[in-house]
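Asker: What shape does this take:
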Amino acid sequence: MLVQRFKPPRQKTESNSEAPTSNITVATRIRPISNGESLSGQVVAVFPRADSSGVVDLHELRRVALFESDFYVALRKQHLFRELTTIHQSSSFQPGRVFSADDRTEKIYEDVVHSLIPWAWDGNVGTLFAYGQTGSGKTFTIRGLEHLVAKSLFDGTLEGERNIYLAMFELAGNSAYDLLNSRASFSILEDHLGTTQLVGIQEYSIRSTAELLALSQKANELRQSAPTIKNDGSSRSHAICRIRIEEPSHEPAEGGILYLVDLAGSEAARDIFSHSTERLKETREINMSLSVLKDCIRGMARIDMEKRKFSKKAYIPFRQSTLTRVLKHLFDPSESRKCRTTVVACINPSFLDTGASKNTLRYAEMLCKS
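Answerer: Prediction:
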């Protein structure tokens with residue numbers, strides 16, 4: 001009823017997520033509310049504007065503490081106390097290209113992901129991140145996009161011959177595991193040139209879509225997961241699919257790389273109060289690495305702006321996390337490789353999760369404005 005009464009304020013709507021000067025594209029996907037959530041009485045609280053303006057409205061209920069007095073005691077007796085202590089608050093965000101619960105994964109792929117394929121094919125680095133709260137649909141989204149990427153690589157539309165190699169691994173805390181080699185551990189080191197090397201990881205030569213998808217399925221079955229309050233099969237690690245594209249040549253040359261990164265889900269403090277010691281440790285490590293990643297992406301987004309102002313370069317703390325050390329070429333200002341990044345922020349629409357959804361939307365909007 002409160003949502004129906006809400007009248008969106010008039011505001012100037014302009015999105016910077018597709019600005020030609022930026023190498024970062026930001027998109028937001030609002031997943032459908034599940035049957036289980038509906039049956040438990042949960043309702044949708046996150047709505048994209050129908051005018052295609054790229055604005056998302058988020059509604060939340062907030063309780064306020066009132067001092068005891070004869071007046072409030074009288075209200076309580078009249079059953080009016082709850083109404084007066086519950087406040088409906090609405091927030092509006094512009095988190096890049098917005099995809100509603102009705103939009104299919106194919107639409108997301110065509111609009112914000114497909115351009116990464118020819119970019120990496122031509123020898124550059126493309127990276128896709130799926131980011132959001134536990135249970136917001138990140139793994140569903142990234143796996144769907146992974147299938148579409150596999151088809152595009154072998155459908156014959158890309159010019160020239162390439163050798164394609166696949167590696168899939170997960171990062172849990174400071175540990176790294178090869179998902180295509182029975183979760184064998186490997187090391188992440190820098191060589192004498194400062195290039196990050198994955199020492200001991202297995203890489204497979206891929207010649208077809210079916211072969212890539214079969215290996216991907218094998219890797220996903222080995223990924224670390226555990227039940228949490230928010231998700232019975234919560235991913236407790238960051239999973240990275242690295243597709244290396246090499247041009248056959250007698251001359252040594254760096255090939256293109258495409259990273260598909262399914263980030264572990266962030267969790268709020270209220271969702272971890274009953275976790276075991278092991279789950280609490282995992283959650284702290286996950287939230288810390290996500291915080292470092294945020295800082296790195298924020299710093300990367302500001303580099304172009306600071307160059308235009310002729311000020312000193314942004315500080316990017318990529319060495320503070322295993323995840324960002326693996327992706328050093330993406331965040332190190334001294335790197336010469338051309339990079340493009342797409343961030344898909346995944347949103348749980350339930351009114352019980354507006355706190356986490358607001359944080360995700362706020363971060364996506366900040367990236368757009370950087």
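
Asker: Low-confidence regions, this structure specifically.
Answerer: Applying pLDDT under 70 to the chain picks out residues 9-22, 63-86, 225-235, 250-253, 267-276, 278-279, 303-314, 370.

Asker: And the strands in the stretch 51-200 of the chain?
Answerer: 56-63, 86-93, 97-99, 125-132, 163-172, 175-178, 184-185, 187-190, 196-199 (DSSP state E, counting those that start in this stretch).

Asker: which of the ones you listed sits most buried?
Answerer: strand 125-132 (a mean of 25; mean count of other Cβ atoms under 10 Å). From N, CA and C alone the C-beta is placed, and that goes for glycine too.

Asker: centre of the chain versus that strand, how much separation?
Answerer: 6 Å (Cα atoms, centre = their mean, to the nearest Å).

Asker: Same question for stretch 190-199.
Answerer: That offset, for stretch 190-199, works out to 26 Å (Cα atoms, centre = their mean).

Asker: next one: stretch 290-304
Answerer: Worked out by Cα atoms, centre = their mean, stretch 290-304 lies 13 Å from the chain centre.

Asker: secondary structure element for Val344?
Answerer: Element membership for Val344, per DSSP states H and E: strand 339-347.

Asker: that older thread, and the strands of the stretch 51-200 of the chain as TSV, adding distance to Ile142?
Answerer: Formatted as TSV, these follow (distance: least, Cβ to Cβ, whole Å):
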stretch	distance to Ile142
strand 56-63	21
strand 86-93	22
strand 97-99	14
strand 125-132	4
strand 163-172	12
strand 175-178	18
strand 184-185	23
strand 187-190	21
strand 196-199	20
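
Asker: Determine which of the ones you listed approaches Thr341 most closely.
Answerer: Nearest to Thr341, of all the strands of the stretch 51-200 of the chain, is strand 125-132, at 4.7 Å by Cβ to Cβ.

Asker: then the closest one to PDB, C-alphas only?
Answerer: C-alpha atoms of strand 125-132 as PDB (Å, rounded to 0.1, in the frame of the first residue of the first chain):
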ATOM      1  CA  VAL A 125      41.900  -7.900 -21.500                       C
ATOM      2  CA  GLY A 126      38.200  -8.000 -20.800                       C
ATOM      3  CA  THR A 127      36.800  -8.700 -17.300                       C
ATOM      4  CA  LEU A 128      33.200  -9.400 -16.100                       C
ATOM      5  CA  PHE A 129      32.300  -9.200 -12.400                       C
ATOM      6  CA  ALA A 130      29.100 -10.400 -10.900                       C
ATOM      7  CA  TYR A 131      28.700  -8.700  -7.600                       C
ATOM      8  CA  GLY A 132      26.000  -8.600  -4.800                       C
END
